[in-house]
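Participant: Sequence first, then the predicted structure, then my questions.
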Amino acid sequence: MIRSILTGAALTLLATVASAETIQVKMLGASPNEAMRFEPAFVQAQPGDTIEFIETSHGHNVATIRGMLPAGAIAVKSPIGESYAMTVTEEGLYGVTSSARYTVGMVALIQVGDAVNLEDAVAAPQKGLARAAMADLLTQVPHSGS
């Protein structure tokens with residue numbers, strides 16, 4: 001009996017890992033003619049997916065925004081000038097920025113499964129141009145029942 005329970009749990013885990021996706025997000029904008037931004041800036045993912053942030057121009061990193069992480073998620077801050085892969089494990093909204101570009105509005109929003117922390121994400125204080133950019137991204141979050 002225990003053996004079949006453990007086998008079922010192992011198969012469920014393997015199915016979850018096998019179905020995990022990698023979603024690419026470019027970090028853009030190091031020239032005067034190109035806005036600093038994540039592309040896409042709004043991502044929908046599932047637990048176990050990996051978000052691969054690709055450094056296309058020097059000077060960006062990935063850092064989570066305080067107050068914009070689901071319970072149990074670990075805050076990250078990658079080195080500047082490098083691509084970074086982040087595996088999302090908890091359902092909810094993850095706010096991310098490029099540390100040196102935050103106040104100029106370089107932010108992104110990752111929705112993993114249901115937006116269980118929507119109220120906290122909406123209430124998280126934002127600075128500079130990030131305030132309007134994040135408010136716009138939050139309008140893209142599908143509401144329950146839609």
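Facilitator: Looks like it arrived, so ask away.
Participant: Now do the SS call for the residue most central in space within the chain.
Facilitator: Centrality entry for the chain: nearest residue to the mean C-alpha point is residue 110, 3.5 Å, by Cα atoms, centre = their mean. Three-state call for residue 110 (DSSP: H, G, I helix; E, B strand; the rest coil): strand.
Participant: Would you map the helices across the protein?
Facilitator: All helices of the chain, identified by DSSP state H, fall at 2-19, 118-123, 130-138.
Participant: By mean pLDDT, show me the worst of those.
Facilitator: Here the lowest mean pLDDT among these goes to helix 2-19, at a mean of 50.
Participant: Spatially nearest residue to residue 34, not counting backbone neighbours?
Facilitator: residue 28 (6.1 Å; Cβ to Cβ, 6 or more residues apart in numbering). Every C-beta, even on glycine, is put in place using the N, C-alpha and C of the backbone.
Participant: should've said residue 77
Facilitator: Nearest non-adjacent residue to residue 77, counting by Cβ to Cβ, 6+ apart: residue 63, 4.3 Å away.
Participant: That neighbour: neighbour count?
Facilitator: 19 (other Cβ atoms under 10 Å).
Participant: Quick check: bridge partners of it?
Facilitator: As for beta bridges, residue 63 partners with residue 77, residue 97 under DSSP bridges.
Participant: residues in contact with it?
Facilitator: Residue 63 makes contacts with 76-78, 96-99, 102, as judged by Cβ atoms under 8 Å, 6 or more residues apart in numbering.
Participant: Return the distance of the nearest residue to residue 21 once chain neighbours are set aside relative to residue 112.
Facilitator: Nearest residue to residue 21 in three dimensions, chain neighbours excluded: residue 49, at 4.9 Å (Cβ to Cβ, 6+ apart). According to Cβ to Cβ, to the nearest Å, residue 49 stands 7 Å off from residue 112.
Participant: what is in contact with the two at once?
Facilitator: With Cβ under 8 Å, 6+ apart, residue 49 and residue 112 have common neighbours residue 88.
Participant: residues in contact with residue 128?
Facilitator: Residue 128 neighbours (Cβ under 8 Å, 6+ apart): 102-105.
Participant: do that again at 6 Å, thanks
Facilitator: residue 103 (Cβ atoms under 6 Å, 6 or more residues apart in numbering).
Participant: With residue 61 instead?
Facilitator: Contacts for residue 61 (Cβ under 6 Å, 6+ apart) come out as 78, 80, 98-99.
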